[in-house]
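Visitor: give me a model of this one.
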Amino acid sequence: MMQFTQIPQQYAPLGGELRYAVEQEAAGNIDIRIVDAAADGTGANRIPESDPDADGAAVSAGDGTALLGAKRFAATAAAAFDIAPYLRRRVRFVPATGGTAESVSPARTFRPGAETAEAPCLLTSMPLGRLIPEGACDELTLLAGGPCTVTVTALAGDTTVAESYRAAESGLQVFRLDLRDFPGAESLTVDAGACGTVVYSVIPARQGAVRLAWRSRAGSVEHYTFPVVRTEVVRSVRQQAYGPDGRTAATAETDRETVLVSAYEGRQVLDALAELTAAPEVWIAEGDTYTPADIATDEAVVQRHGTLSCLEIDVRPKRKIRTSWN
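Guide: This is a model prediction of the structure:
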């Protein structure tokens, strides 16, 4: 009989190892299959059917039924393995939207990021006191230890309005704050109970400002509005083909690069914005539309001695990867 002797902790970060270990009574082949697990409506997780006469163990991860990887340990009674490399390449973010039996480990949910976190907490790299333009949206990622209630309190002059939103399940939760639901608010407090509280000061929307969203080191999607567009540069790249009679065709592709400048910010905000230079996913946020973008800046200055600091970032629409025919 095979059994799991080690499994990762629930919500362990994908930045480190996710190590499993199995043992069986006698030495033999141990076949490991890493598969996506899908809910079947009862809350149980399904795995692909297997040969009932084959030894094997399955590790469930994800939300489909595809085989992510397989590994065989020959002539052994125990085996250990790390599944993190199989899962990292499947991470995608979408901003707000032995013997005759097989042994299956308990289901685990893993989160992007390199640092450990314990519920309840707020997963973020931005400070808990924030500025937000009128009509903008923000996203908070919560790791709840149980059912969670989020209360938004909006203050406008002498008027206070409070709205509560409840999630019945524990685990990772995404709360999206849309200021269009709180017109005229001068400040908002988002109280997520034991997970934490974020306070927003509402500032006037500035024409021409650009709001970026990016995947942070904490495993969350962060937002920031750059109030200044310093430069916009349009570049053209010509692709030419030649035949026996010389040039036969020519096409040109244009690429627009925009240099954005932040407001003068404290070190905590600038450190969070500096993540943009290495963020695996970045979007230009315009209302409910998120357009994938690339960051062309390789470094960010977060402190200058004796002066207030701001951060410059060069952003451009995400480039398509050309197919190689060679």
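Visitor: which strand or helix spans the closest residue to residue 192 other than its chain neighbours?
Guide: Spatial nearest neighbour of residue 192, excluding adjacent residues (Cβ to Cβ, 6 or more residues apart in numbering): residue 150 at 4.8 Å. C-beta here means a position set from N, CA and C on the backbone, and glycine is covered the same way. Using DSSP states H and E, residue 150 maps to strand 148-156.
Visitor: for that strand, which strands pair with it and how are they oriented?
Guide: Take DSSP bridges as the rule and strand 148-156 pairs in its sheet with strand 159-167 (antiparallel), strand 187-191 (antiparallel).
Visitor: related to what we said a few turns ago, residue 163 is in contact with the residue nearest to residue 192, correct?
Guide: No: here residue 150 lies out of contact with residue 163, judged by Cβ atoms under 8 Å, at a distance of 9.1 Å.
Visitor: thinking again about what came up before, the strand holding residue 150: which residues count as buried?
Guide: 148, 150, 152-155 (16 or more other Cβ atoms under 10 Å).
Visitor: where does pLDDT dip in the stretch 51-200 of the chain?
Guide: When residues are selected by pLDDT under 70, those of the stretch 51-200 of the chain lie in 51-65, 96-108.
Visitor: mind listing the helices for this protein?
Guide: Taking DSSP state H as the criterion, the chain carries its helices at 84-88, 267-274.
Visitor: of all these, which one is nearest residue 31?
Guide: helix 84-88 (15.2 Å; Cβ to Cβ).
Visitor: what does the closest one rub up against?
Guide: Helix 84-88 is contacted from outside by 14, 16-18, 34, 61-62, 68-69, 110, using Cβ atoms under 8 Å, 6 or more residues apart in numbering.
Visitor: name the residues of it that are buried.
Guide: Result for helix 84-88 [16+ other Cβ under 10 Å]: buried residues 84, 86-87.
Visitor: so which of those is the closest to residue 74?
Guide: Residue 74 has its nearest neighbour among those in residue 86, at 20.4 Å by Cβ to Cβ.
Visitor: residue 215 versus that closest one, what's the distance?
Guide: 19 Å (Cβ to Cβ, to the nearest Å).
Visitor: before we move on, back to that, so what's the residue nearest to residue 192 up against?
Guide: So residue 150 contacts 142, 164-167, 175, 190-193 (Cβ under 8 Å, 6+ apart).
Visitor: again, but for residue 121
Guide: Per Cβ under 8 Å, 6+ apart, neighbours of residue 121: 142-143, 195-196.
Visitor: ditto for residue 8
Guide: With Cβ under 8 Å, 6+ apart, residue 8 has these contacts: 18-20, 108, 110.
Visitor: reformat the residues you listed as TSV; add distance to residue 294.
Guide: Conversion of the contacts of residue 8 to TSV gives the following (distance: Cβ to Cβ, whole Å):
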residue	distance to residue 294
18	30
19	34
20	36
108	33
110	27
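Visitor: quick check: phi and psi at residue 115.
Guide: phi -110, psi 150 (degrees, to the nearest 10).
Visitor: not counting its neighbours along the chain, what's nearest it?
Guide: According to Cβ to Cβ, 6+ apart, the nearest residue to residue 115 is residue 13 (6.1 Å).
Visitor: tell me what the one you found is bridged to.
Guide: Beta-bridge partners, per DSSP bridges, of residue 13: residue 111.
Visitor: I'd like the distance between it and residue 88.
Guide: Counting by Cβ to Cβ - residue 13 and residue 88 are separated by 11 Å.
Visitor: export the helices of the chain as TSV, with columns for distance to residue 293.
Guide: Shown next, in TSV, are these (distance: least, Cβ to Cβ, whole Å):
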stretch	distance to residue 293
helix 84-88	22
helix 267-274	14
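Visitor: which residues does residue 77 contact?
Guide: 23-28.
Visitor: from the residues you listed, which land in strands?
Guide: Using DSSP state E, the subset of these located in strands is 23-28.
Visitor: which one of the buried residues of helix 84-88 is nearest to residue 301?
Guide: Nearest to residue 301 among the buried residues of helix 84-88, with distances taken as Cβ to Cβ, is residue 84, at 33.1 Å.
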